[in-house]
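Asks: show me the folded form of this:
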Amino acid sequence: MAMDEHTGGTAAAADVTDVTEDVETLAGNDDVTRYPIAPGYRVNVRTGPGTKYGIVRTLPYGMKVPVYCQKPGERVTGPYGTSNLWDNIANGQFVADAYVHTGSDGYIAPHCD
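Replies: Numbering: from 1, shown residues only. Next up is the predicted model:
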């Protein structure tokens, strides 16, 4: 059970600029449904479905993410329960589904290859 999938505190001004650029990149212009990250959490985005994978970025508070596909991985406990599902939000980028409000405890997107 991993507990390090989110971070607390506030970002410094320089960090906010970097995060804003990342948010704009993540937001894109596609028509995919976006799901909110749990309120009050800054969630780590990883290169694979587990906490042993490298951190690509940390999502800011209030972020909504697309879920292109999902795959099983490390079991994580978050504000939306305990799950081994990981959501693919961009090419090679995953977040623990336990931190994403999808409205379901199961798959809401196709299985990732």
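Asks: name the helix or strand of this protein that has the lowest mean pLDDT.
Replies: When each helix and strand of the chain is scored by mean pLDDT, DSSP states H and E, helix 13-27 comes last, with a mean of 41.
Asks: give me the residues contacting the very next helix or strand once past that one.
Replies: Proceeding C-terminally, helix 13-27 gives way to strand 34-36 as the next helix or strand, assigned by DSSP states H and E. With contacts defined as C-beta atoms under 8 Å, 6 or more residues apart in numbering, strand 34-36 is touched by 62-67, 87, 100-103, 108. To be clear about C-beta, it is placed using only N, CA and C from the backbone, and glycine gets the same treatment.
Asks: give the bridge partners for the residue most central in space within the chain, please.
Replies: Nearest to the geometric centre of the chain sits residue 95, at 3.1 Å (C-alpha atoms, centre = their mean). Residue 95 forms beta bridges with residue 87, as assigned by DSSP bridges.
Asks: check residue 100 too.
Replies: Applying DSSP bridges, one finds that residue 100 bridges with residue 37.
Asks: backbone phi and psi for the nearest residue in space to residue 81 that is not next to it in sequence, please?
Replies: Nearest non-adjacent residue to residue 81, counting by C-beta to C-beta, 6 or more residues apart in numbering: residue 98, 5.8 Å away. Backbone torsions of residue 98, given as degrees, to the nearest 10, read phi -70, psi -10.
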